[in-house]
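**Student:** What shape does this take:
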Amino acid sequence: MTYDPSQLSRIFKLLIDKDDMLPDEARVRLQSCTLQIKCGADLRSKPGLQAALLTMLNVGARTFLGDISVCMDDVTSASNVLVPWAPGCSLRDAIGEVTPRVQIDPNGGESDHSYLFVLGDVVSTRSDAVRMSYEGWDAIVCPGKSDVRGAEDGRCILAAVLAGALAISEVFMQFADISPYAAKRMVRVPLWVEAGKGTVEGPTIQYLPGEAWLLGLGHLGQAFGWCLSMLPYARPGDVQLILHDYDRVEPANIDTGVLSYQDHVGELKARVVESFLSKRGFKANNVERPFHKGVTVQKGEPALALCGFDGKGPRSALDQANFKEVIECGLGAGHDDFHSIIMHSLPNPARSAADLWPTRATPDSRAESLKNRRFYTEAAKQDHCGHIALANQAIAVPFVGVTAACFAVAESIRALHNGPRYAVLGCDLRRPDRLHLVHLNRDSEVIAFQEVAYGGKICKHAS
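**Tutor:** Numbers count the residues shown, from 1 in each chain. Next comes the predicted model:
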């Protein structure tokens with residue numbers, strides 16, 4: 001049993017804190033969950049379907065530890081990857097690169113003992129199957145036997161990436177007994193919502209951010225990199241990227257950082273992300289030092305920042321660094337709120353960064369509330385105070401980070417299309433279709449608060 005915070009899986013910690021499991025019990029529980037994905041032949045021609053599949057495999061293999069099977073015919077698996085990847089790479093090769101645990105099954109028989117997903121032009125006979133789909137700027141997850149399926153067009157590939165993350169989220173929320181409705185309902189999550197109008201049909205993406213400064217390259221920062229890599233850049237080498245992080249990959253990061261693997265332990269996170277992006281044609285400069293109040297953007301450096309810091313401290317200086325725009329995401333860290341996402345855009349017309357994220361110390365009651373869990377009781381016997389550091393470690397699950405990253409990158413793209421802007425976006429993955437938005441007008445003034453509830457119904461055949 002490990003009592004080292006750098007070694008403890010953040011997903012194990014969820015089961016430790018929520019269900020009073022020990023790490024070995026959490027491992028066995030997650031190993032018991034196997035995934036099966038049935039894919040249609042239209043994956044050969046639709047980049048969005050491929051993006052949804054690869055995203056789902058990436059976050060699914062990190063979340064669950066059982067076997068993973070992808071059912072697709074030999075022609076489909078040998079077809080070209082249509083999302084940015086290494087030149088000449090087949091879909092089979094890309095799948096193997098995302099997770100070597102996957103088995104590709106050309107026969108397509110359905111297992112009765114796996115969580116079953118359907119993607120593309122394929123159906124399932126199982127009432128508990130889960131379908132991933134998308135339409136325009138909307139991600140869709142619904143029961144596989146329902147007749148709901150999006151147009152699966154090419155207007156916004158982030159909707160497909162989001163669908164892949166949400167599919168794993170729905171199954172995990174069911175598996176971990178967090179939501180009684182998860183994987184039984186139709187969920188439709190929009191990335192384009194206009195004030196007073198609700199969800200509308202967003203345009204086909206024509207413009208993409210030509211620069212970005214990625215602040216923090218852990219759970220969220222690597223998810224930003226994953227989302228950016230899926231965008232249809234004509235010349236990714238022309239995009240100016242700065243990767244800002246000074247931490248190294250630890251074993252505990254492997255489950256949550258979607259670009260990190262066991263071979264990366266000990267490497268600087270900035271270099272891991274740089275290597276991933278360079279294989280897709282991007283060029284990046286690294287800043288391997290802490291972000292602090294004195295950091296200032298210089299002339300010629302990216303004016304857009306995507307921020308995914310783990311702690312509160314550096315956020316208080318975000319509006320003093322001379323960025324033209326900052327899109328910041330924060331995630332819940334406890335077993336009762338890890339599924340919560342909040343996104344802020346700066347400058348905020350109502351509050352400064354120091355107001356949003358005060359630097360004064362706030363007491364952390366997590367250790368006190370968890371002190372009677374078996375794991376922390378045992379840790380306290382080994383090290384009188386060591387259990388406090390363990391209890392205060394954040395819980396993190398990769399589909400939450402990818403979902404947040406989709407919201408953040410979509411925010412930067414909507415700005416380039418004169419689309420709606422949000423000062424604040426809130427989402428809880430227990431009800432992902434219910435977004436809380438604070439809209440901005442063209443002059444960055446707050447104009448409306450809106451709650452968007454789209455979908456969320458229990459399908460008739462659900463138990």
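**Student:** quick one: low-confidence parts of this protein?
**Tutor:** Residues of the chain meeting the criterion pLDDT under 70: 1-2, 198-199, 312-313, 360-365, 384-386, 442-463.
**Student:** residues contacting the nearest residue to residue 102 once chain neighbours are set aside?
**Tutor:** Leaving out its chain neighbours, the residue that sits closest to residue 102 by C-beta to C-beta, 6 or more residues apart in numbering is residue 68, at 4.6 Å. Glycine gets a C-beta too; all of them are placed from N, C-alpha and C. Contacts for residue 68 (C-beta atoms under 8 Å, 6 or more residues apart in numbering) come out as 34-37, 57, 60-61, 99, 101-103.
**Student:** what do you get if the cut-off is 7 Å, keeping everything else the same?
**Tutor:** Neighbour list for residue 68: 35, 57, 60-61, 99, 101-103 [criterion: C-beta atoms under 7 Å, 6 or more residues apart in numbering].
**Student:** ok, now residue 12?
**Tutor:** 23, 26-27.
**Student:** circling back to that earlier point, pull the most distant pair out of the contacts of residue 68.
**Tutor:** 60 and 103 (13.5 Å; C-beta to C-beta).
**Student:** quick one: which of these two has more around it?
**Tutor:** More crowded of residue 60 and residue 103, by other C-beta atoms under 10 Å: residue 60, with 28 against 11.
**Student:** Against residue 239, how distant is the more buried one?
**Tutor:** Separation of residue 60 from residue 239 (C-beta to C-beta, to the nearest Å): 28 Å.
**Student:** next one: residue 73
**Tutor:** 35 Å.
**Student:** Ok, residue 281 next?
**Tutor:** 9 Å.
**Student:** what about residue 66, neighbour count?
**Tutor:** Residue 66 has 16 neighbours, counted by other C-beta under 10 Å.
**Student:** any idea which element it lies in?
**Tutor:** Counting by DSSP states H and E, no helix or strand carries residue 66.
**Student:** which residues sit in contact with it?
**Tutor:** Each residue near residue 66 by C-beta under 7 Å, 6+ apart is listed here: 31-35.
**Student:** isn't residue 158 right next to residue 228, touching?
**Tutor:** No - counting by C-beta atoms under 7 Å, residue 158 does not reach residue 228; the two are 10.0 Å apart.
**Student:** so what's in contact with these two at the same time?
**Tutor:** Common neighbours of residue 158 and residue 228 (criterion: C-beta under 7 Å, 6+ apart): residue 409.
**Student:** returning to what we had before: compare the contacts of residue 12 and tell me which is most surrounded.
**Tutor:** For these, the largest neighbour count, defined by other C-beta under 10 Å, is 22 neighbours, found at residue 26.
**Student:** so how far is residue 392 from that residue?
**Tutor:** 18 Å.
**Student:** now residue 20
**Tutor:** Between residue 20 and residue 392 the computed distance is 18 Å (C-beta to C-beta).
**Student:** And for residue 45?
**Tutor:** For residue 45 relative to residue 392 (C-beta to C-beta), the value is 49 Å.
**Student:** Repeat that for residue 136.
**Tutor:** Distance of residue 136 to residue 392, computed by C-beta to C-beta: 42 Å.
**Student:** how many neighbours does the residue lying closest to residue 55 once chain neighbours are set aside have?
**Tutor:** Spatial nearest neighbour of residue 55, chain neighbours left out: residue 164 (3.2 Å); criterion: C-beta to C-beta, 6+ apart. Residues near residue 164, counting by other C-beta under 10 Å, number 33.
**Student:** Ok, residue 61 next?
**Tutor:** Look at residue 61: counted by other C-beta under 10 Å, it has 21 neighbours.
**Student:** So what does it look like in phi/psi?
**Tutor:** phi -70, psi -20 (degrees, to the nearest 10).
**Student:** Am I right that residue 146 sits in a strand?
**Tutor:** No - counting by DSSP: H, G, I helix; E, B strand; the rest coil, residue 146 is not part of a strand but coil.
**Student:** what's the helix or strand for the residue at the greatest distance from the centre of the chain?
**Tutor:** Most distant residue from the mean C-alpha position of the chain: residue 381, 36.3 Å away (C-alpha atoms, centre = their mean). Here residue 381 sits within helix 374-382, counting by DSSP H and E.
**Student:** in the helix or strand that that helix is followed by, what's buried?
**Tutor:** Reading on from helix 374-382 to the C-terminus, the next helix or strand found by DSSP H and E is helix 386-391. Neighbour-count burial for helix 386-391, counted by 16 or more other C-beta atoms under 10 Å, picks out 386-388, 390-391.
**Student:** Stretch 166-183 too?
**Tutor:** So for stretch 166-183, counting by 16+ other C-beta under 10 Å, buried means 166-176, 178-179, 181-183.
**Student:** what's near enough to touch the residue most central in space within the chain?
**Tutor:** Most central in the chain under C-alpha atoms, centre = their mean is residue 402, positioned 1.1 Å from the mean C-alpha point. Going by C-beta under 7 Å, 6+ apart, residue 402 touches 55, 59, 161, 165, 223, 226, 258.
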